[in-house]
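**Q** Test case, fold it:
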Amino acid sequence: MQLRYSFRLYPDAGQQRALAKAFGCARVVFNDCVRAREDVRRAGKPFLKAGELSTRLITEAKRTVERSWLGEVSAVVLQQSLRDAEAAYGMPGSLTDSGRLNLPKIGAVKVKWSRTLPATPTSVTVIKDSAGRFFASFVIDTDPAEDAARMPATDQSIGIDLGLTHFAVLSTGEKIGSPRFLRRAEKKLKRAQRELSRKQKGSKNRQKARLKVARAHAKVTDARKEFHHQLSTRLISENQGIAVESLSVTGLARTKLAKSVHDAGWTAFVNMLEYKAQRYGRTLIKIGRFEPTSQTCSTCGVKDGPKPLHIREWTCTACGTLHDRDHNAALNVHQAAGLAVTACGARVRPGAIPAQREETGSHGIPTGNRAA
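**A** Residues are numbered from 1 along each chain as shown. Okay, the predicted model is just below:
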């Protein structure tokens with residue numbers, strides 16, 4: 001299983017210029033590659049092989065006046081651009097004694113090590129985001145069996161009801177508040193956006209204003225991601241089995257609740273639960289979104305019909321039980337998933353949906369460039 005560990009980079013002015021040159025050269029080679037393949041496709045000729053593309057677009061291109069500057073950056077950056085269909089540029093690196101990341105033709109770049117890498121990375125990718133920040137993303141090969149062995153054994157299982165009033169309500173009755181990161185930063189974002197709209201297009205002041213907007217959005221995104229990570233790690237650590245309802249985020253995004261739905265970030269949170277469940281040997285089960293979890297009494301099982309969103313409590317007409325709407329839904333999610341775990345933590349429910357690799361896969365990043 002492959003995981004990514006990202007760390008903030010702080011290149012100096014010269015290193016930033018060198019990185020900008022590397023990014024630019026990679027974009028040129030990538031575009032040349034797309035153009036070359038499109039040309040042969042339209043002409044009905046055989047598909048170009050990687051070796052032929054490398055010779056034509058890198059080796060031979062460096063000898064021309066138009067592309068001679070390709071020789072000023074690391075060859076690995078150019079080779080990566082032929083393989084990479086994403087906006088990230090891989091380059092081999094090694095760690096210096098001072099803990100800096102040594103990149104070819106860039107130098108030793110300062111890194112903020114927020115945690116220790118669990119193993120030697122197989123590759124490193126340098127990324128620049130829209131806020132002008134640089135990151136080093138390391139790919140690590142891990143053994144899920146070893147990771148699962150380090151996770152504390154538990155026989156607990158839980159159902160989760162995701163919502164807007166509370167970010168999550170658990171079948172245990174615990175309610176986790178919704179931080180509303182975007183809502184809290186809305187005034188600052190609007191002010192920054194207004195300032196950007198007043199700047200003349202193409203001016204340096206407009207570029208500064210654009211970065212200010214991007215950094216404000218990045219701050220919101222980072223805070224939301226940290227919240228998701230802390231909560232998902234805690235739930236995975238405490239429970240052997242976790243059940244969550246599949247939500248129609250796309251459908252909800254078309255309603256008046258769209259901004260609140262995007263602010264909550266349910267999809268990203270569930271994705272974290274998925275890959276952490278796979279990594280640590282937990283069971284994650286997603287039930288269908290059409291399951292009537294808010295309409296069914298978790299005590300007697302009688303379906304009591306749909307209820308408007310403003311109804312937060314209701315009494316079952318069959319058994320008389322007073323329900324908290326969200327807690328009742330979480331209990332029904334737990335029951336609908338059919339979670340059952342033995343005292344030793346073994347999974348006993350057949351057909352559990354396995355966690356996906358979407359968050360942790362390398363997405364085509366080659367792993368042959370080993371960093372020391």
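**Q** Tell me, how many residues neighbour the closest residue to R206 other than its chain neighbours?
**A** Computed as CB to CB, 6 or more residues apart in numbering, the closest residue to R206 that is not its neighbour in sequence is K199, at 3.6 Å. C-beta: built from backbone N, CA, C; applies to glycine. Neighbourhood size, K199 [other CB atoms under 10 Å]: 15.
**Q** and if you look at A216?
**A** 18.
**Q** Same check on E174?
**A** E174 has 12 neighbours, counted by other CB under 10 Å.
**Q** what's the answer for T125, then?
**A** 22.
**Q** go on, E245?
**A** Neighbours around E245, by other CB under 10 Å: 24.
**Q** That one bridge partners, please.
**A** Judged by DSSP bridges, the bridge partners of E245 are I287.
**Q** was I right about it contacting R289?
**A** Yes - here E245 reaches R289: they are 6.0 Å apart, a contact under CB atoms under 8 Å.
**Q** now the stretch 151-300 of the chain, which segments are flagged as low pLDDT?
**A** Where the stretch 151-300 of the chain drops to pLDDT under 70, the residues are 248-253.
**Q** secondary structure class for L3?
**A** Counting by DSSP: H, G, I helix; E, B strand; the rest coil, the backbone at L3 sits in strand.
**Q** neighbours around it, how many?
**A** L3 has 21 neighbouring residues, counting by other CB under 10 Å.
**Q** Identify the residues contacting it.
**A** 139-140, 142, 279, 360 (CB atoms under 8 Å, 6 or more residues apart in numbering).
**Q** What is the nearest of the residues you listed to T221?
**A** T360 (18.9 Å; CB to CB).
**Q** where do the strands sit along this protein?
**A** 2-10, 89-90, 94-95, 101-103, 107-112, 123-128, 134-141, 157-162, 166-170, 175-177, 241-245, 283-287, 313-315, 322-324 (DSSP state E).
**Q** Make TSV from the ones you listed and add distance to I58 to it.
**A** Below are the strands of the chain laid out as TSV (distance: least, CB to CB, whole Å):
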stretch	distance to I58
strand 2-10	26
strand 89-90	14
strand 94-95	23
strand 101-103	19
strand 107-112	23
strand 123-128	19
strand 134-141	23
strand 157-162	48
strand 166-170	49
strand 175-177	51
strand 241-245	47
strand 283-287	44
strand 313-315	67
strand 322-324	63
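**Q** Tell me which of the ones you listed sits nearest to G51.
**A** Per CB to CB, nearest to G51 of these: strand 89-90, 18.6 Å.
**Q** K225 versus the closest residue in space to M272 that isn't next to it in sequence, what's the distance?
**A** Spatial nearest neighbour of M272, excluding adjacent residues (CB to CB, 6+ apart): S232 at 4.1 Å. Distance of S232 to K225, computed by CB to CB, to the nearest Å: 10 Å.
**Q** Compare neighbour counts for the two and give me the winner.
**A** Between S232 and K225, counting by other CB under 10 Å, S232 is the more crowded of the two (21 against 15).
**Q** Might you report the residue contacts of the more buried one?
**A** Contacts of S232 (CB under 8 Å, 6+ apart): 269, 272-273, 276.
**Q** residues in contact with the closest residue to L189 other than its chain neighbours?
**A** Spatially, and ignoring its direct neighbours in sequence, L189 is nearest to A216 (5.3 Å; CB to CB, 6+ apart). By CB under 8 Å, 6+ apart, the contact list for A216 reads 185, 188-189, 192.
**Q** Buried ones among those residues?
**A** Buried members of the contacts of A216, scored by 16 or more other CB atoms under 10 Å, are 185, 192.
**Q** Out of the contacts of A216, flag the one nearest to T64.
**A** A192 (44.0 Å).
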